[in-house]
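Participant: Build me a model:
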Amino acid sequence: MYFTDVFREAYLDYKYFLNRDYSRKVVLDIIAAKYNLSSLERLLLYRCVHSDKEIEIIKGKINNEEREVVLDGYNLALTLISAINNDELYLCDDGFLRDLGLGRHKSSEIISDTLILISEYCEKYRIKCEIILDKQLSKSGEITSKLRKKGIEIRTVNKADKEIIISNKAVYSNDFVILFKSQKISTILNTIFFESTFKILKGPWIANLEEKL
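Facilitator: Alright, predicted model coming up:
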């Protein structure tokens, strides 16, 4: 996505009101209408831009010293699959990578293979990982069975988000609600994306953050 001057102005207005605790949905509706944003531009603001207070809370929870990590399985796999399919990834203002696919690869048969790849990456860097999947999503049982046969620690649960949030281990996800509510966060698996040739775009918020450093 090309970041137009109009989009940059929209971002500045959106950020301004988020920092003053205005309703995210209300502000997004107004900004999108004012600047005539496309559906992708609107989604990008929603997914990647947060208030400074929210960012501070998220970054205060990051702990990459812990070698035991709980993985938001579908979340991580779908993001990686999007990247493999040459979709654009965005480095968001909280330091996490997100795509705009909204899980369109959810039925992909390579989800299990992707999770195996992630597990092998963790093993290589001596990270003990536990993968959590939502039982209600199709093929979760099949994926879990396949991975367990390879000795991978994985569970299917009724409410994956809740199970991940209440874990006492560091959590890897790019779901903002999970990150915001979890006690500890890990960014250690970001290197999977940064060490690759995937398309990682930095929006105007990155330049804004760098100016503050």
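Participant: what about residue 46, distance to residue 161?
Facilitator: 18 Å (Cβ to Cβ, to the nearest Å). Using the backbone N, CA and C atoms, a C-beta is placed for each residue, glycine as well.
Participant: I'd guessed residue 129 sits against residue 69; true?
Facilitator: Yes - contact criterion Cβ atoms under 8 Å: residue 129 and residue 69 qualify, at 5.0 Å.
Participant: anything in contact with each of the two?
Facilitator: Listed as contacting both residue 129 and residue 69 by Cβ atoms under 8 Å, 6 or more residues apart in numbering are residue 122.
Participant: The nearest residue to residue 134 once chain neighbours are set aside: what's it in contact with?
Facilitator: Spatial nearest neighbour of residue 134, excluding adjacent residues (Cβ to Cβ, 6 or more residues apart in numbering): residue 160 at 3.9 Å. With contact taken as Cβ under 8 Å, 6+ apart, residue 160 is in contact with 72, 73, 74, 132, 133, 134, 135.
Participant: Measure how buried the second one is and give me the count.
Facilitator: Burial measure for residue 73: 30 neighbouring residues, criterion other Cβ atoms under 10 Å.
Participant: now swap in residue 141 and tell me
Facilitator: 12.
Participant: residues contacting the closest residue to it other than its chain neighbours?
Facilitator: Distance criterion Cβ to Cβ, 6+ apart; nearest residue to residue 141, sequence neighbours excluded, is residue 156 at 6.4 Å. With contact set as Cβ under 8 Å, 6+ apart, residue 156 has these partners: 132, 133, 134, 135, 140, 141, 144.
Participant: Would you mind measuring from the residue nearest to residue 134 to residue 40?
Facilitator: 27 Å.
Participant: so what secondary structure elements neighbour the lengthiest strand in the chain?
Facilitator: Identified as the longest strand of the chain according to DSSP state E is strand 128-134. Secondary-structure packing of strand 128-134 (3 or more Cβ pairs under 8 Å, 6 or more residues apart in numbering; DSSP states H and E): strand 68-72, helix 73-84, helix 111-124, helix 140-148, strand 154-157, helix 160-165.
Participant: does the most centrally placed residue in the chain count as helix, strand or coil?
Facilitator: Note on the chain: the residue nearest the mean C-alpha position is residue 174, at 1.9 Å, using Cα atoms, centre = their mean. The three-state label given to residue 174 by DSSP: H, G, I helix; E, B strand; the rest coil is coil.
Participant: which stretch of helix or strand covers residue 57?
Facilitator: helix 52-60 (DSSP states H and E).
Participant: so what does that helix touch, helix or strand wise?
Facilitator: helix 176-181.
Participant: residues of the helix it packs on that come out buried?
Facilitator: 176, 178, 179 (16 or more other Cβ atoms under 10 Å).
Participant: any idea how far the first one lies from residue 150?
Facilitator: Distance of residue 176 to residue 150, given as Cβ to Cβ: 31 Å.
Participant: What of the last one?
Facilitator: Computed with Cβ to Cβ, the distance linking residue 179 and residue 150 is 28 Å.
Participant: Give the ranges of residues in the chain that sit below the confidence cut-off.
Facilitator: 103-108, 207-213 (pLDDT under 70).
Participant: domains of it?
Facilitator: Using automatic domain parsing, the domains assigned to the chain come out as 5-49, 59-202.
Participant: Is it correct that residue 203 is in contact with residue 44?
Facilitator: Yes - the pair residue 203 / residue 44 is scored as a contact, 7.0 Å apart, by Cβ under 8 Å.
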